[in-house]
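A.B. asks: model the structure of this input:
(one chain, ligands or ions: 1)
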Amino acid sequence: MAHLLISGGTRGIGKACVKLFASHGYKVSSLSRSGRSDEIIEGVTYYQCDVKDPEEVGLAVKSAVRSFGAVDVLISNAGISVSGLAQDMKFTDYRDVMDTNFGGLFNLANAVIPGMVEQRSGVILAVSSMWGQTGASCEALYSASKGAVDSYIKSLAKELGPSGIRVNAVSPGVIDTDMMKCYSDEDRDALCAETPAGRLGTPEEVAETLYFLQSEKASFITGQIIGVNGGFLI
Ligand code: NDP
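C.D. replies: Sure, this is the predicted structure:
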């Protein structure tokens, strides 16, 4: 049975992925700081792990591989955002956002790549953001961290393609999760109005795209940043 290792599988987009992959019979290992989910899903093991810390990631991945075998699919999903004027951001904000959003991908990929290279197969996916492509006012650090994710994904695709490993990212628009809680109703209405589809996206819509990208149906797709944004960014 295939093994999915995902970061941030306890809420939002990650949780939708966990449910979708488990429903298709995947064994799922989810890494998050809390290590707890409000829902018990069969075939899923939750690890307490901060993706910022390479040692914690290494230990969690080793433990997951002992339980479920080599990782077939990695989804680097855990992310945080911080809003405010660029000039007001502190160095600690920079470290938090970069080390979680980009460092998390770096740590997770480093932990699974040797096993995938040995198997000569595997899929690495990241959850990026459309702001990484366009930049967002008052979310400069977040945008920069996702820009780094996009470049890293493209580079990994080139480096790992000859080893039979595909590497892609999804780039969501505005998705209705806890991350949106900091927005007022007026802000949410404005974001809906800016989205040609006229609404926020759902975590399930992002999960379905990730499921497709890891499947054999996407066997010739690598190094791509796939928008899931209701037309917000065209
Ligand atoms: P949520 O805030 O709903 O969930 C975030 C998840 O990441 C939680 O499971 C959280 O668990 C985990 N997490 C956060 N920090 C860490 C860490 N340091 N180590 C391990 N796990 C961590 O976010 P979303 O589902 O909305 O976002 C998921 C991804 O999608 C993120 O990368 C985000 O940037 C991206 N995205 C989201 C958009 C949106 O509109 N919602 C739009 C574009 C991109 P815990 O707190 O227990 O650690």
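
A.B. asks: and the pLDDT for S184?
C.D. replies: The per-residue pLDDT reported for S184 equals 89.

A.B. asks: ugh, typo on my part, it should be R36
C.D. replies: At R36, pLDDT is 89.

A.B. asks: isn't there a strand covering it?
C.D. replies: No. R36: not assigned to a strand; according to DSSP: H, G, I helix; E, B strand; the rest coil it is coil.

A.B. asks: that one against T10, yeah?
C.D. replies: Yes. In terms of CB atoms under 8 Å, R36 counts as a neighbour of T10; the distance is 6.5 Å. C-betas here are computed from N, CA, C, even on glycine.

A.B. asks: right, and L125 touches Y211 too?
C.D. replies: No. L125 sits out of contact with Y211 when judged by CB under 8 Å, with a separation of 9.8 Å.

A.B. asks: is the longest strand along the chain in proximity to the ligand?
C.D. replies: In terms of residue count, the longest strand belonging to the chain (DSSP state E) is strand 165-172. Yes. In terms of CB under 6 Å from any ligand atom, part of strand 165-172 sits within range of the ligand, namely P172.

A.B. asks: close to the ligand, is the helix or strand just after that strand?
C.D. replies: Taking DSSP states H and E as the definition, the helix or strand that follows strand 165-172 towards the C-terminus is helix 185-194. No. Figure legend: helix 185-194 not in contact with the ligand (CB under 6 Å from any ligand atom); closest approach 8.8 Å.

A.B. asks: extract the CA atoms of helix 185-194 and return them as PDB.
C.D. replies: Extracted as PDB, the C-alpha positions of helix 185-194 are listed here (Å, rounded to 0.1, in the frame of the first residue of the first chain):
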ATOM      1  CA  ASP A 185     -16.000  39.800   6.600                       C
ATOM      2  CA  GLU A 186     -15.400  42.800   4.400                       C
ATOM      3  CA  ASP A 187     -12.000  41.500   3.400                       C
ATOM      4  CA  ARG A 188     -13.400  38.100   2.600                       C
ATOM      5  CA  ASP A 189     -16.200  39.700   0.500                       C
ATOM      6  CA  ALA A 190     -13.500  41.700  -1.400                       C
ATOM      7  CA  LEU A 191     -11.400  38.600  -2.000                       C
ATOM      8  CA  CYS A 192     -14.500  36.800  -3.400                       C
ATOM      9  CA  ALA A 193     -15.300  39.800  -5.600                       C
ATOM     10  CA  GLU A 194     -11.700  39.700  -7.000                       C
END
